[in-house]
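>>> need a 3D model of the sequence below.
(one chain, ligands or ions: 1)
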Amino acid sequence: MTRESLSEQHERMGRAVTKLISEHASRLETAPVMSSATPDDLARLFAEPLPLSGMPAEEIFEKFARDIEPNAMQVPSPRYFGQFNPAPLAIGVWADALSSSLNQNAGAWRNGPTSAMIEAQVIRWLCELLGYGADAFGVLASGGSEANLIALKCARDRVSKDISRLGAPAFGRGLTVYTSNQCHYSVEKSLDILGLGRESLRKIETDDRFHVRLDVLTDAIKSDLDEGRRPFCIVGVAGTTSTGVIDPLPELAAIAREHDCWFHVDAAYGGGLAFSDKHKAKLRGIELADSITFDPHKWMFVPFSCGTTLVRDGGQVLRDSFDMSPEYLSENRGFADAQYDFFRYGQMGTRRFNALKLWMCFKFMGKNGYAETTERHIELTEYLAGRLDAISDFERVGQIETAVCCFRYLPPAVRALPVAEQDSVQQALQQRIEKSGEAFFPSTILHGRRTLRVNINSYLTERRHIDHLVELLQREGENLNRQG
Ligand SMILES: Cc1ncc(COP(=O)(O)O)c(C=O)c1O
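All right, here's what the predicted structure looks like:
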């Protein structure tokens, strides 16, 4: 260990890291979005013996600059069009450093009093934004997957006050959940974790624009009831992972009410629409949900990781599901503070002070700042859609409701191919562009067909980046065609 004080170490390392971070940011415009290194190449770079003696921070930072940063996926790039992964706000990056330096354990109030208060405050802001009343409350989670798990546990536990104690099998095998076949995989995984089994999920067919079909949903509920099953939860999606579209939430809420089901809305991504007066009507009905998943680490540009579960009827619902009183946290101190022990509201014990970066990003951007970026992203996506519509070699799939655009590359020569080969062409085009490092977007499968999917989630993306993407698609498409 060095003789430097902790404060001096921070001063020295802080300067070095600030330089690394700002230089990285200055390279984003031109750096390849993805490195060409293979897993073997990277394994060789990091295959080092167990460190026995410590080494100077400067040497470790050099290794970061040489091997880690250039081979990272450049998620904050304006040419990264991946899976709802944002360019993080600078204030969020530095908030992360501040929360690490305080190292609050945000599980219990006494180990993080300010973190608890700030978590409660950001939760209230999000509840207000999404149209929930004053009773609503919630909890920060690691991301949308955990937020869905927390919400589905509340839904399951509403079936009986004994289900936490006795386990799901004691309540028969008929408990059933309904959601669109466009739902995120975490819904199915959660049902497995909750002991209900993956087969307790009914994935309902969607219409030609990927919204859940209400007629199919009601038929499925009816036939399950006829077979003696027990529908207990309906999950609507506001911003589906593949196409970004929003299910008909008021209608889903009415079906849930009719069948005495918990209504959860997975708005991990689409919840961001609530910032914009122009677009928030797309979320109409979300305020009827018993619970909502919303991820600040998607459209709020908060660095990973930061998800939330919000509950309409307040914190008691979460506490009924998750509260425990271990001996070492059971001293009677009047318990005025227990209501701020966030370990009682979710599944994590030791918790990072993640509320800090959300709080700082919220204050830095304001509702208006977020509205402006949300609207700009949707405009840019509509611009991309318009450009693709004007080129006969592309065929768009679905519609633009958020900042996701899906399409297929189908020039006449490809259109003439059998369906499976058309799918291979989409994959080959995606891979060529990924390898070029000039942009990144993934593909997905929609109505059984391989489809290209672009999401704009970097506040650095401008119209010229979209023009570049369209030119790149055309150029690489032609190269692919030439090679046969
Ligand atoms: C609709 C939806 N829900 C939930 C999730 C899961 O979120 P996370 O990856 O933060 O766990 C995602 C991720 O993309 C998503 O698109």
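>>> near the ligand, which residues of the stretch 251-400 of the chain show up?
Residues of the stretch 251-400 of the chain found near the ligand (CB under 6 Å from any ligand atom) are 266, 268-269, 295, 307. From N, CA and C alone the C-beta is placed, and that goes for glycine too.
>>> just those: which are in helices?
Judged by DSSP state H, helices contain none of those.
>>> okay, F335: pLDDT?
Confidence per residue is given as pLDDT, and for F335 that number is 64.
>>> same check on the one 5 residues further on?
Among the per-residue scores, Y340 shows a pLDDT of 91.
>>> what do you get for the one 3 residues further on?
At F343 the predicted local distance difference test score is 95.
>>> ok, and the most crowded of the residues of the stretch 251-400 of the chain next to the ligand?
Neighbour counts for these were taken using other CB atoms under 10 Å; the highest belongs to D266, which has 31 neighbours.
>>> what sits against that residue?
The neighbours of D266, taking CB atoms under 8 Å, 6 or more residues apart in numbering as the test, are 144, 148, 179, 183-184, 187, 235-239, 293.
>>> what comes up buried for stretch 409-428?
By 16 or more other CB atoms under 10 Å, the buried positions in stretch 409-428 come out as 409-411, 414, 422-423, 425-426.
>>> give me the residues contacting that stretch.
Applying CB under 8 Å, 6+ apart, the set of residues contacting stretch 409-428 from outside is 392-395, 408, 429, 443, 449-452, 473, 477, 480-481.
>>> then stretch 153-161?
If you take CB under 8 Å, 6+ apart as the criterion, stretch 153-161 is touched by 163-164, 168, 171, 175, 177, 190, 194, 196, 230, 232-233, 262, 264, 290-291, 311, 317-318, 320-322, 347.
>>> can you say which of the contacts of stretch 409-428 are buried?
In those, burial by neighbour count holds for 393-394, 408, 429, 443, 450-452, 473, 477, 480-481, counting by 16+ other CB under 10 Å.
>>> going by distance to the ligand, which of those wins?
For the buried ones among the contacts of stretch 409-428, the residue nearest the ligand by CB to the nearest ligand atom is S443; the value is 15.2 Å.
>>> what sits closest to C183 if chain neighbours are left out?
V237 (5.6 Å; CB to CB, 6 or more residues apart in numbering).
>>> so how many other residues sit close to the one you found?
Applying other CB under 10 Å, we find 31 residues neighbouring V237.
>>> so how far is T38 from it?
35 Å (CB to CB, to the nearest Å).
>>> next one: K19
As for K19, its distance to T38 is 30 Å (criterion: CB to CB).
>>> list, one by one, the residues from the stretch 101-250 of the chain near the ligand.
Within the stretch 101-250 of the chain, the positions near the ligand by CB under 6 Å from any ligand atom are 143-145, 148, 184, 186, 237, 239, 241.
>>> can you name the two of these that are farthest apart?
Put simply, by CB to CB the two of these set farthest apart are G143 and V237, 15.8 Å from each other.
>>> buried residues, the helix or strand of the chain at the bottom of the mean pLDDT ranking. List them.
None of the helices or strands of the chain scores lower by mean pLDDT, DSSP states H and E than helix 163-166, at a mean of 94. When neighbours are counted by 16+ other CB under 10 Å, the buried residues of helix 163-166 are found to be I163.
>>> for that helix, packing partners?
Counting contacts by 3 or more CB pairs under 8 Å, 6 or more residues apart in numbering; DSSP states H and E, helix 163-166 packs against helix 144-157.
>>> which among the residues of the stretch 251-400 of the chain next to the ligand gets closest to the ligand?
Within these, distances to the ligand taken as CB to the nearest ligand atom reach their minimum at A268, with 3.5 Å.
>>> about what we covered before: got a list of contacts for the least confident helix or strand of the chain?
Residues outside helix 163-166 that contact it (CB under 8 Å, 6+ apart) are 156-157, 170-171, 321.
>>> try 7 Å
Residues lying outside helix 163-166 but in contact with it, judged by CB atoms under 7 Å, 6 or more residues apart in numbering, are 156-157, 171, 321.
>>> mind checking how far that helix is from the chain centre?
Taking the mean of its C-alpha atoms, helix 163-166 sits 30 Å from the chain's own mean (CA atoms, centre = their mean, to the nearest Å).
>>> please apply the same query to stretch 172-179.
Here the centre of stretch 172-179 is set off from its chain's centre by 25 Å, with CA atoms, centre = their mean.
>>> list the buried residues in that stretch.
Within stretch 172-179, the residues that qualify as buried by neighbour count (16+ other CB under 10 Å) are 175-179.
>>> quick check: mean pLDDT of it?
pLDDT averaged over stretch 172-179 equals 91, rounded to a whole number.
>>> can you check stretch 121-134 too?
Looking at stretch 121-134 alone, the average pLDDT works out to 98.
>>> in it, what's buried?
Of the residues in stretch 121-134, those buried under the neighbour-count criterion (16+ other CB under 10 Å) are 122-124, 126-127, 129-132.
>>> noted, bye for now.
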